[in-house]
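Asker: Predicted model follows, preceded by the sequence.
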Amino acid sequence: MVDRGATPAAVPDASAPDDWPARPEQALALNDVGTFDWDLGSGRLHLDATALKVLQLPREHFEVRIEDVTGRLPRADATGLDALIARALKDGSNAYSAYYRVRTDGGDLRWAYSQGRIQRDSGGRPCRVIGIVRDATEELSHTARREPEEDSRNQTTVVETITAALAHARTVRDVIDFFQDSRAVQHLGSDLLVLGLVESGRIHMVAEGPGEHYIPGTRYTRIDDNFPMSEVIRTLFPRFIESREDFAASYPWLWENIKDVGISSAAYLPLIAQGRPIGALGLLYRDSRGFTQQERNLFIALSSSLAQAIARAMLFDQEHDLAEGLQQSMLPRRIPDIPGAQIAVRYRAARMGRDIGGDWYDVIPLPGGRVGAVIGDVQGHDTHAAAVMGQLRIVLRAYASEGHAPATIMARASTFLHELDTDRFATCAYAEADLSTGVLHIVRAGHIDPLLRHADGTSRRLPVAGGLPLGLSAEFGRLDYPMTTVELDPGETLLMFTDGLVEQPGSDLDEGMQLLSRIVAEGSYDLHELADKLCDVVEERVGEDDMAVLLLRRQGAGARHGGRLQQHIAPADPDALSAGRHMIRAAVRAWGARERSDEIELVADELVTNALLHTDGAAVVTIRMLTGPERRLRVEVEDRSSVLPRRREPGESGVSGRGLLLVDRLADVWGVESRGTGKSVWCEFIVPGRHELAEPAPEPG
């Protein structure tokens, strides 16, 4: 009795072969399917015997490199396959597949198909590709039988590759550099290329690649010459040359000069932008070839993309030249030589945008061994910002030259900008340095604090009290600008700059200032080399802000000076007048000017007396020792009257009118300076030098 619920035992099939079922390697080999294993880290590529056969590689070497495989492919196919694999590795794909042609030893082309599985490490980085490769000649017997979407993908890949490569080409020089690079030929799938641009009615050959095959007489050619590049520019239609015979018959002179290069066919494409030709591109091939309609469509698409990139670069160059010329015309043409100071200035335009902005600097020589330094930034990056900057620079220079105090200069400039009927504001910093004493007065209107570099190379940020930006302080009625006073010792350098030097996307201002401090500390002691280094920092990054920098160093590291003393004298205060005379007498004695003490005291007394008699306010007397090639003692008397003194003959009494005559006779040099709220009458006396200074002058009592 048979148990119907039991499972019958497996009975061997006597008709099956001994090796049934077939092993995977046997199944692959019988169907002309090979395998490969590609180690991305080392670049080693292992191919089995069938894969070597499909790829037309020597069968005794199972381990090759990827370059050995792509070397058997036509250039266009190798470029497309390389782009496809690179995209798959980068975008996180797990696999890729592609059809491509392989050249046999006899020169014929056969179709192959590859499929690879991408393996990645724990960090998601591709490390290995394992896949198959098979002969696809029967599947795709010729180009016309390829899937339309595959052709479209290959064409799109080439166009995308070229467009991406030129996306960052901002200038015509960038475009030329791209075409002179050997990778351009690989991207375009040709053996050689030439690029010509239309300049002043002629065609200028600006690039050849790879390498240079210079042909005399072709660097500059006319548009009506019998050259293929001239023809496509005249007709605005591409020219396809499919054989050596076609080349020789159509352009005999050119053919005689290039036939030894080995060129057999070519495609010349007009570069048309906004309906006019701007140049032409020639793609040259060593093999005779016919250009299919798909290839011709691809070339037309490429020429359009290239023309737009070149036209954009030309427009950028034109705008850059215009902007740079306007910007430079607004900045000082030259920096004056200032005795006792070394100065370096730099300006760098933004690397993005219109390359024009409102950053500026200025150096203003002032009387009495003083100098004014200005750094500023008008809001915006356009011609209007540059125009406002130019006007602000002029008025700041005018106010400083009139002798106004730093705080008054800033307040008046803010009022001027507010009344200019513009919606722009500006940040600014103004420093007035007395190079003989090292006294530095700084005011700041919404600007970045300056930096101070010491003689030993260390640097620190100078905290400067500040007010609102220019224009805004006048609008809100807050025109008070506090003044910060510091000492600038010999050999120390003041660094003033705009925010384009320290502000970077993704980081705050403090980080930028710390980085700047390190660069300055490690930079060269030479002022101009340091300024160039700061510009290099800006050049290394792409930004939307321009940058101006001003470096001011006080020279005379070994110089010694006597100092500076000052006394305020009220009109009806005999004690203050006596204290002023005592101060002058003590300073003259302490600073080694005894030989001229009578002259100095008499002239100083006359200047103070004139100030008190002929003005309604007080007088301020200042005495200082100036250093330089010769020691000079300087006496200044300031008052609030804008009426300038004039020299005249004494009256009948012999008293009135003798003051300025005495000054003129006894002082070595004298003059009058406007100080905005009044004037300063000053005189200088050359005093004998000596190796050691006497004891310091006492404070005025």
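Answerer: Looks like it came in fine. Residues are numbered from 1 along each chain as shown.

Asker: Quick check: what element follows the host helix or strand of D317 along the chain?
Answerer: Assigning secondary structure by DSSP states H and E places D317 in helix 293-330. Following helix 293-330 in sequence order, the next helix or strand is strand 341-348 (DSSP H and E).

Asker: That following strand: which residues count as buried?
Answerer: Across strand 341-348, burial judged by 16 or more other Cβ atoms under 10 Å covers 341, 343-348. For the C-beta atoms, the positions are set from N, CA and C on the backbone; glycine is no exception.

Asker: Which helix or which strand is home to the closest residue to A548 other than its chain neighbours?
Answerer: In space, and not counting its chain neighbours, A548 is closest to D359: 4.0 Å by Cβ to Cβ, 6 or more residues apart in numbering. Per DSSP H and E, D359 falls inside strand 358-366.

Asker: Which strands or helices does that strand pack on?
Answerer: strand 341-348, strand 370-378, helix 383-401, strand 547-554 (3 or more Cβ pairs under 8 Å, 6 or more residues apart in numbering; DSSP states H and E).

Asker: rewinding a little: closest to V64 out of the buried residues of strand 341-348?
Answerer: Relative to V64, the closest of the buried residues of strand 341-348 is R348; by Cβ to Cβ it sits at 49.7 Å.

Asker: thought the closest one was touching D546?
Answerer: Yes - counting by Cβ atoms under 8 Å, D546 is a contact partner of R348 at 6.4 Å.

Asker: overlap in contacts of the two?
Answerer: Common contacts of R348 and D546 (Cβ atoms under 8 Å, 6 or more residues apart in numbering): G500.

Asker: Please settle this for me: is L565 part of a strand?
Answerer: Yes - counting by DSSP: H, G, I helix; E, B strand; the rest coil, L565 is part of a strand.

Asker: Report how many residues lie close to it.
Answerer: Per other Cβ atoms under 10 Å, the neighbour tally for L565 reads 22.

Asker: what's the pLDDT at it?
Answerer: On pLDDT, L565 comes in at 78.

Asker: returning to that earlier point: pairing partners for the residue nearest to A548 in the sheet, please.
Answerer: D377 (DSSP bridges).

Asker: Poorly predicted segments of the stretch 451-600 of the chain, please.
Answerer: Applying pLDDT under 70 to the stretch 451-600 of the chain flags residues 505-507, 538-545, 556-563, 575.

Asker: ok, which stretches of it are helices?
Answerer: Chain-ordered helices for the stretch 451-600 of the chain, with DSSP state H, counting those that start in this stretch as the definition, fall at 472-475, 509-522, 527-539, 574-590, 597-614.

Asker: Next: the stretch 601-701 of the chain.
Answerer: Counting by DSSP H, counting those that start in this stretch, the helices of the stretch 601-701 of the chain are 659-666.

Asker: Would you mind finding the longest strand in the protein?
Answerer: The strand spanning the most residues in the chain, taking DSSP state E as the definition, is strand 109-120.

Asker: For it, could you pull out the residues that count as buried?
Answerer: 110-114, 116, 118.

Asker: Which of the residues you listed sits closest to L435?
Answerer: I118 (68.5 Å).

Asker: Now stretch 273-285: average pLDDT?
Answerer: 85.

Asker: List the buried residues of it.
Answerer: Buried-residue list, stretch 273-285, by 16+ other Cβ under 10 Å: 273, 277-285.

Asker: likewise stretch 362-381?
Answerer: Those would be 362-364, 366, 368-381, for stretch 362-381 by 16+ other Cβ under 10 Å.

Asker: can you tell me which two in the buried residues of strand 341-348 are farthest apart?
Answerer: Across the buried residues of strand 341-348 (Cβ to Cβ), the longest gap, 23.0 Å, separates A341 and R348.

Asker: related to what we said a few turns ago, pull up the per-residue confidence for the residue nearest to A548.
Answerer: So D359 comes in at 87 (pLDDT).

Asker: Low-confidence ranges, the stretch 301-450 of the chain, go.
Answerer: 319-330, 350-357.

Asker: Let's see that with 50 instead.
Answerer: Scanning the stretch 301-450 of the chain for pLDDT under 50 picks out the ranges 352-354.

Asker: again, but for the stretch 151-300 of the chain
Answerer: Using pLDDT under 50, the stretch 151-300 of the chain drops low at 151-153.

Asker: All the helices of it, residue numbers only.
Answerer: 172-180, 182-188, 228-235, 244-250, 252-258, 293-330.

Asker: so how far is the fifth one from its chain's centroid?
Answerer: Here the centre of helix 252-258 is set off from its chain's centre by 44 Å, with Cα atoms, centre = their mean, to the nearest Å.

Asker: Can you name every helix or strand that it contacts?
Answerer: By 3+ Cβ pairs under 8 Å, 6+ apart, helix 252-258 packs against helix 244-250.

Asker: Just the pLDDT for R59.
Answerer: The model's pLDDT for R59 equals 75.

Asker: Would you mind measuring from it to G43?
Answerer: Per Cβ to Cβ, to the nearest Å, R59 is found 21 Å from G43.

Asker: can I get the buried residues of strand 341-348 in TSV with distance to R72?
Answerer: Formatted as TSV, the buried residues of strand 341-348 follow (distance: Cβ to Cβ, whole Å):
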residue	distance to R72
A341	70
I343	65
A344	59
V345	60
R346	54
Y347	55
R348	50
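
Asker: from those residues, which single one is nearest L193?
Answerer: Closest to L193, out of all of the buried residues of strand 341-348 and judged by Cβ to Cβ, is R348, at 34.1 Å.

Asker: I figured G678 was touching V643, is that so?
Answerer: No - between G678 and V643 there is no contact under Cβ under 8 Å: 9.5 Å.

Asker: Show me the common contact partners of these two, please.
Answerer: T615.

Asker: Can you report how many residues neighbour the closest residue to D246 other than its chain neighbours?
Answerer: Among residues not flanking D246 along the chain, S265 sits closest, at 7.9 Å (Cβ to Cβ, 6+ apart). Around S265 there are 22 other residues, counting by other Cβ under 10 Å.

Asker: what residues are up against S265?
Answerer: 241-244, 246-247, 284-285, 287-289.

Asker: Could you export these as CSV, including distance to A465?
Answerer: Listed next are those as CSV, based on distance: Cβ to Cβ, whole Å:
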residue, distance to A465
I241, 75
E242, 78
S243, 81
R244, 80
D246, 80
F247, 77
L284, 69
Y285, 72
D287, 76
S288, 80
R289, 76
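
Asker: Give the buried subset of those residues as a ChimeraX selection command.
Answerer: In ChimeraX syntax, the buried subset of these is picked out as below (16+ other Cβ under 10 Å):
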select :241,242,246,247,284,285,289
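
Asker: Nearest to A604 among the contacts of S265?
Answerer: Nearest to A604 among the contacts of S265, with distances taken as Cβ to Cβ, is L284, at 87.8 Å.

Asker: That closest one - nearest residue in space that isn't next to it in sequence?
Answerer: Per Cβ to Cβ, 6+ apart, closest to L284 is L192, 4.1 Å.

Asker: And for A465?
Answerer: P482 (4.0 Å).

Asker: Counting neighbours, what do you get for that neighbour?
Answerer: Neighbours of P482 (other Cβ under 10 Å): 12.

Asker: F179 too?
Answerer: Neighbours of F179 using other Cβ under 10 Å come to 23.

Asker: residues contacting it?
Answerer: Contacts of F179 (Cβ under 8 Å, 6+ apart): 193, 195, 206-207, 209.

Asker: That one and S190, how far apart?
Answerer: From F179 to S190 the distance is 11 Å (Cβ to Cβ).

Asker: Kindly report the same for I442.
Answerer: 62 Å.
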